[in-house]
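1. okay, here's the prediction I keep looking at, along with the sequence it came from:
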Amino acid sequence: MTLGRHWWPSKGGITLRRRPGLVARPALVGRRLASDAHCRIVFPAVAAAPGTSVITPSQQLIELGHLAVMLALPVALLQALAPLLARALRRPELATIAVRGAWLQLALAALGWAALTQAFVTDNFSVWYVAQNSNSALPLVYKISNLHFGPEVGVGKPKSDVAVVVAWLNEIQKISADLSLLHGAKQAASEIFNADARRIGEYVTPGTISAVITSPPYPNEKDYTRTTRLESVLLGFISSKEELRSLKKGFVRSNTRGVYKEDDDDRWVAHHPEVNRIADAIEARRKELGKTSGFERMYARVAKLYFGGMARHLAELRPLLKPGAQLAYVVGDQASYLRVMIRTGELLADIAQSLGYRLKRIDLFRTRLATASREQLREEVVVLEWPGKEK
């Protein structure tokens, strides 16, 4: 906290004077926007006489809480040493210091907690910890609970700003130049559906699809709604947590952060031997490694839900396809679930064949080096054909 390092109080405790030789900083008041990936902080200057800076009661409470937390450490040391001294010196009365120290430590910790909670509640973004772990749009209960889930003090160094806007604009100009090449060309009518690919029959007329080219999610524990959160907010796809939850429910289940109690896509692959073998291997590895977190317990279920969701999509797609329709799915092998290898392309091809599709080929698109296992993972294009009849 800036004030704790650069200022000291005057007699009245209302103003703060600069220490000799140090650069004084004015008190800062900011407001962080709701987006996880984008924020703007406005810093209005605080009017004060030359050489002084007026601070608010809120900022004074922050400094008091900072001091309380620092004092709690020596009190804790005294609390630990008092019983040992009492025994070594054979003076039982010294042991009472430990009891009093415990009460004092509780009071100091409570004061520090209260100061930090107050900073969260009032959006005091001059406190680094608050600026890193909160935003002005959070409900009150989440602001207070952020106190528990913040990072440890001192982990990592602050990252310097990067000129991302220029690089982004360059890419936009490239896209614009590509689009300009289409000017004057004959345009085909197009229609876009922002919908669940597992329920595509609700939006598309049967027997009208000639080709499908797509890259679905991989079973890799990657939450795509998080990596695209900024774009989703800026483009107006989501504006609340309820809308985010609704969006996630419309996705194929590829990570434990997007699984819900009522999900049942796994019934589509309930009797698929390889999917069940992989799920059993993941669960056995979890028990072997002693992994007990809630997310880790769901790894095996997510594997089943993922391939079940893809099977559901392929089954839903069949009546919409024209005979001879061509399909291409870009998928990749994964070992994200405790290093159990998942050959996604082979499995998807096998599921598609069981649903009546004809496998034309599996093309190798590229290979990627797995970070954890150092294995080469295949990224492939599964090419299918719909013969025109359901099994």
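-> Sure thing, it's come through.
2. which intervals of the stretch 1-150 of the chain have sub-threshold pLDDT?
-> Where the stretch 1-150 of the chain drops to pLDDT under 70, the residues are 1-55, 135-139, 141-150.
3. swap in 80 and give it another go.
-> Within the stretch 1-150 of the chain, the stretches with pLDDT under 80 are 1-59, 93-95, 123, 125-150.
4. Asn220 contacts Thr256, correct?
-> No - Asn220 is not in contact with Thr256 according to C-beta atoms under 8 Å; the separation is 11.2 Å. Every C-beta, even on glycine, is put in place using the N, C-alpha and C of the backbone.
5. and the longest helix for this protein?
-> With residue count as the measure and DSSP state H as the assignment, the chain has helix 57-89 as its longest helix.
6. so which elements touch that helix?
-> Counting contacts by 3 or more C-beta pairs under 8 Å, 6 or more residues apart in numbering; DSSP states H and E, helix 57-89 packs against helix 2-6, helix 96-121.
7. for these, which one sits closest to Arg267?
-> helix 96-121 (43.6 Å; C-beta to C-beta).
8. centre of the chain to the longest helix of the chain, how far?
-> Between the mean C-alpha location of helix 57-89 and the chain-wide mean there is a distance of 36 Å, by C-alpha atoms, centre = their mean, to the nearest Å.
9. got the buried residues for it?
-> 58-63, 65-66, 68-69, 71-72, 75-76, 78-79, 82-83, 86 (16 or more other C-beta atoms under 10 Å).
10. any chance of the helices and strands packed on helix 57-89 in CSV, plus distance to Thr367?
-> Below are those laid out as CSV (distance: least, C-beta to C-beta, whole Å):
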stretch, distance to Thr367
helix 2-6, 49
helix 96-121, 46
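11. export those to a markdown table and tack on mean neighbour count and distance to Leu355?
-> Conversion of the helices and strands packed on helix 57-89 to a markdown table gives the following (neighbours: other C-beta atoms under 10 Å; distance: least, C-beta to C-beta, whole Å):
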| stretch | mean neighbour count | distance to Leu355 |
| --- | --- | --- |
| helix 2-6 | 15 | 62 |
| helix 96-121 | 16 | 51 |
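12. for those helices, which one sits closest to Pro323?
-> Closest to Pro323 of those, according to C-beta to C-beta: helix 96-121, at 60.9 Å.
13. now for the closest one, which elements pack on it?
-> The helices and strands touching helix 96-121, judged by 3+ C-beta pairs under 8 Å, 6+ apart, are helix 57-89, helix 128-133, helix 140-149.
14. which parts of the protein are strands?
-> With DSSP state E, the ranges of strands along the chain come out as 7-9, 15-18, 52-54, 209-214, 321-332, 358-369, 376-385.
15. which residues of the stretch 251-391 of the chain score low on pLDDT?
-> 369-375, 389-391.
16. what about the nearest residue in space to Gln105 that is not next to it in sequence, distance to Pro92?
-> Spatial nearest neighbour of Gln105, excluding adjacent residues (C-beta to C-beta, 6 or more residues apart in numbering): Val75 at 4.9 Å. Applying C-beta to C-beta, to the nearest Å, the value for Val75 to Pro92 is 21 Å.
17. what do you get for Lys241?
-> 57 Å.
18. show me the protein divided up by domain.
-> Residue ranges of the domains in the chain are recorded as 2-149, 188-385, according to automatic domain parsing.
19. so can I have TSV of those domains showing distance to Ala177?
-> As requested, the domains of the chain are exported to TSV (distance: least, C-beta to C-beta, whole Å):
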stretch	distance to Ala177
domain 2-149	26
domain 188-385	21
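20. tell me the most buried of the ones you listed?
-> Burial among those, expressed as mean neighbours by mean count of other C-beta atoms under 10 Å, is greatest for domain 188-385, which shows a mean of 16.
21. and that one, how far out from the chain middle?
-> Relative to the centre of its chain, domain 188-385 is centred 19 Å away, using C-alpha atoms, centre = their mean.
22. can you get me the start-to-end distance on it?
-> Domain 188-385 has its terminal residues 24 Å apart, counting by C-alpha to C-alpha, to the nearest Å.
23. and the residue nearest the centre of this structure?
-> Geometric centre of the chain, nearest residue: Arg226, 5.0 Å, by C-alpha atoms, centre = their mean.
24. where does that one land on pLDDT?
-> The score at Arg226 is 85. That number is its pLDDT.
25. separation between it and Leu364?
-> Relative to Leu364, Arg226 is positioned 29 Å away (C-beta to C-beta).
26. please apply the same query to Ala270.
-> Where Leu364 is concerned, Ala270 sits at a distance of 31 Å (C-beta to C-beta).
27. with Lys291 instead?
-> As judged by C-beta to C-beta, Lys291 and Leu364 stand 32 Å apart.
28. now do Leu234
-> With distances defined as C-beta to C-beta, the gap from Leu234 to Leu364 amounts to 36 Å.
29. next one: Ser210
-> 26 Å.
30. what's the answer for Val275, then?
-> From Val275 over to Leu364 (counting by C-beta to C-beta), the distance is 23 Å.
31. excluding chain neighbours, what is closest to Glu112?
-> For the record, residue 112 is Gly, not Glu. Gly112's closest residue in space is Val69 (C-beta to C-beta, 6+ apart), at 4.0 Å.
32. which ones are touching that neighbour?
-> With contact taken as C-beta atoms under 8 Å, 6 or more residues apart in numbering, Val69 is in contact with Leu108, Ala109, Gly112.
33. distance to Glu316 added to the residues you listed, as CSV?
-> Conversion of the contacts of Val69 to CSV gives the following (distance: C-beta to C-beta, whole Å):
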residue, distance to Glu316
Leu108, 61
Ala109, 56
Gly112, 55
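34. export stretch 77-91 to CSV, keeping only CA atoms.
-> Once non-C-alpha atoms are left out, stretch 77-91 reads as follows in CSV (Å, rounded to 0.1, in the frame of the first residue of the first chain):
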residue,chain,number,x,y,z
LEU,A,77,6.0,-15.3,18.5
LEU,A,78,5.5,-14.1,22.1
GLN,A,79,2.5,-16.3,22.4
ALA,A,80,4.6,-19.3,21.3
LEU,A,81,7.6,-18.5,23.5
ALA,A,82,5.8,-17.7,26.7
PRO,A,83,4.9,-21.3,27.7
LEU,A,84,8.5,-22.4,26.9
LEU,A,85,9.9,-19.7,29.2
ALA,A,86,7.4,-20.5,31.9
ARG,A,87,8.6,-24.1,32.0
ALA,A,88,12.3,-23.3,31.6
LEU,A,89,12.3,-20.7,34.4
ARG,A,90,9.8,-22.5,36.5
ARG,A,91,7.5,-19.5,36.6
